[in-house]
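K.L.:
Okay, structure incoming, though there's no sequence with it:
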C-alpha cells in the first residue's frame with residue numbers, strides 16, 4: 001500500500017512515499033519518518049516504515065529538499081533550517097489526507113533527522129510524539145571531528161556564494177571516502193560500509209554535500225531548546241556503542257521529565273540503519289511509544 005506523493009515546503013515540491021496499512025479503518029494515526037544526512041527515503045526510512053505500518057500506522061517517508069528526488073538547487077545542500085521545515089511541511093500534508101487523523105501525528109528521524117525532528121517539534125505542536133534513532137547534531141558532529149578545517153570551510157563560504165552568484169556551479173565535497181582502509185577512523189569506516197557497499201548504497205544517495213552548507217550548519221543547534229517539546233513525549237534511541245550516543249543522552253538530560261532514553265546493547269550508530277537484530281529492537285520500542293501516545 002505504498003503511494004508516491006509530492007507535497008510543498010517553502011515553494012519546493014518534496015518527493016515522498018505514503019504507506020497505508022491494509023484492512024485498517026481510518027482515520028489513522030500517522031508517523032513521519034526522516035532519512036539520515038546524505039541518505040534517501042528508500043534506505044532506513046523504508047525499513048522502519050514496514051513494522052510501523054504492520055502495527056496499523058500510516059507512515060510518510062520523504063526526501064529532504066535539495067536531496068534525493070525532491071526539488072531544490074543546488075542539489076546536495078544541507079540546510080538544517082529547511083530540513084526542519086520539511087518536517088513541518090510533511091505534517092501539513094498529512095493533515096490534508098482524509099485517511100489521517102490530524103490530531104494523532106508523530107514524527108521520527110534517523111541520524112541527522114533524529115535531531116532535525118526534535119528541533120522542528122519544539123514549536124510545532126501538531127507533532128504529538130517525537131522520536132530520534134541515532135539522533136545526531138550534524139554541525140556538532142562535523143565540527144568536533146575537525147574544528148580547524150570546519151572553521152576554514154565556514155570562512156570560505158561567502159566566497160563560494162559569490163562564485164555561484166557569478167554563474168559558477170556550486171562547489172561540493174564527498175562526505176565519505178570511496179573505500180575504508182586501516183587508517184580510516186572507525187566512525188567513518190562504518191558509514192563507508194553502509195553507503196559505499198551494496199549493503200546500503202542507493203544511486204540517489206550520492207554522499208556529495210554543497211560546501212557552503214557549513215555556514216548554515218554552523219548557526220544551528222538541534223537540541224538547544226529541546227525542553228520546549230514538553231509536555232509532549234520525546235524518545236531517543238541509541239546504540240550503546242554509538243559514537244553519537246552522547247547527543248541522545250544530552251537531549252534527554254535537558255528535557256523536563258518528558259523524555260526517555262532507550263539504549264540498544266551492542267549497537268553502533270549505523271547498526272540502527274539496517275541491521276535486523278537492532279532495527280527490530282528499535283522498531284518494537286517505537287511501536288510501543290507511538291501506540292501509547294498516538295493511540
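P.N.:
Nice, thanks for sending it over. Everything numeric in this text was worked out from a predicted model, so none of it was measured.

K.L.:
which residues of this protein fall in strands?
P.N.:
2-9, 12-19, 28-34, 58-62, 100-110, 127-133, 172-174, 208-210, 234-239, 259-264 (DSSP state E).

K.L.:
contacting residues around residue 95?
P.N.:
Residues near residue 95 by CB atoms under 8 Å, 6 or more residues apart in numbering: 102, 105, 126. Heads up, the C-betas are built off the backbone N, CA and C, glycines and all.

K.L.:
Apply 6 Å and report the result again.
P.N.:
Taking CB atoms under 6 Å, 6 or more residues apart in numbering, we find residue 95 in contact with residue 102.

K.L.:
For residue 45, see how far away it is.
P.N.:
Going from residue 95 to residue 45 by CB to CB, to the nearest Å gives 20 Å.

K.L.:
From residue 18, how far off is residue 5?
P.N.:
Using CB to CB, residue 5 is found at 5 Å from residue 18.

K.L.:
the more surrounded of these two?
P.N.:
Per other CB atoms under 10 Å, whichever of residue 5 and residue 18 has more neighbours is residue 18, with 22 against 17.

K.L.:
Next one: the more buried one, what pLDDT does it get?
P.N.:
For residue 18, the model assigns a pLDDT of 98.

K.L.:
Do I have it right that it meets residue 3?
P.N.:
Yes - judged on CB atoms under 6 Å, residue 18 makes contact with residue 3 at a distance of 4.8 Å.

K.L.:
neighbours around residue 212, how many?
P.N.:
25.

K.L.:
who are the neighbours in contact with residue 270?
P.N.:
Listed by CB under 6 Å, 6+ apart, the contact set of residue 270 reads 190, 194.

K.L.:
switch to 7 Å and redo it
P.N.:
Neighbouring residues of residue 270 by CB atoms under 7 Å, 6 or more residues apart in numbering: 190, 191, 194.

K.L.:
Look up how far residue 230 lies from residue 206.
P.N.:
Distance of residue 206 to residue 230, given as CB to CB: 38 Å.

K.L.:
what about the two, which has more around it?
P.N.:
Set side by side, residue 206 and residue 230 show more neighbours around residue 206, with 17 against 14, by other CB under 10 Å.

K.L.:
So for residue 240, what's the pLDDT?
P.N.:
At residue 240, pLDDT is 98.

K.L.:
what sits against it?
P.N.:
By CB under 7 Å, 6+ apart, the residues touching residue 240 are 263, 264, 265, 266, 267.

K.L.:
In the residues you listed, find the pair that's most separated.
P.N.:
Farthest-apart pair in the contacts of residue 240 is 263 and 266; separation 9.9 Å (CB to CB).

K.L.:
These two: which is more packed in?
P.N.:
Neighbour totals were compared for residue 263 and residue 266, and residue 263 leads with 16 against 12 (other CB under 10 Å).

K.L.:
contacting residues around that one?
P.N.:
Applying CB under 7 Å, 6+ apart, the residues near residue 263 are 238, 240.

K.L.:
The residue nearest to residue 173 when sequence neighbours are not counted and residue 265, how far apart?
P.N.:
Spatial nearest neighbour of residue 173, excluding adjacent residues (CB to CB, 6 or more residues apart in numbering): residue 211 at 5.4 Å. As judged by CB to CB, residue 211 and residue 265 stand 38 Å apart.

K.L.:
For those two, indicate the residue with more neighbours.
P.N.:
residue 211 (18 against 9).

K.L.:
isn't that one right up against residue 175?
P.N.:
No - between residue 211 and residue 175 there is no contact under CB atoms under 7 Å: 10.9 Å.

K.L.:
Determine which residue lies closest to the centroid of the chain.
P.N.:
By CA atoms, centre = their mean, the chain has its centre lying nearest to residue 113, at 1.8 Å.

K.L.:
Got the confidence number for that one?
P.N.:
At residue 113, pLDDT is 98.

K.L.:
now the residue of the chain most remote from its centre: how far from residue 75?
P.N.:
The outermost residue of the chain relative to its centre, with distances by CA atoms, centre = their mean, is residue 166 at 32.7 Å. According to CB to CB, residue 166 stands 19 Å off from residue 75.

K.L.:
Residue 249 too?
P.N.:
Applying CB to CB to residue 249 and residue 75 gives a distance of 34 Å.
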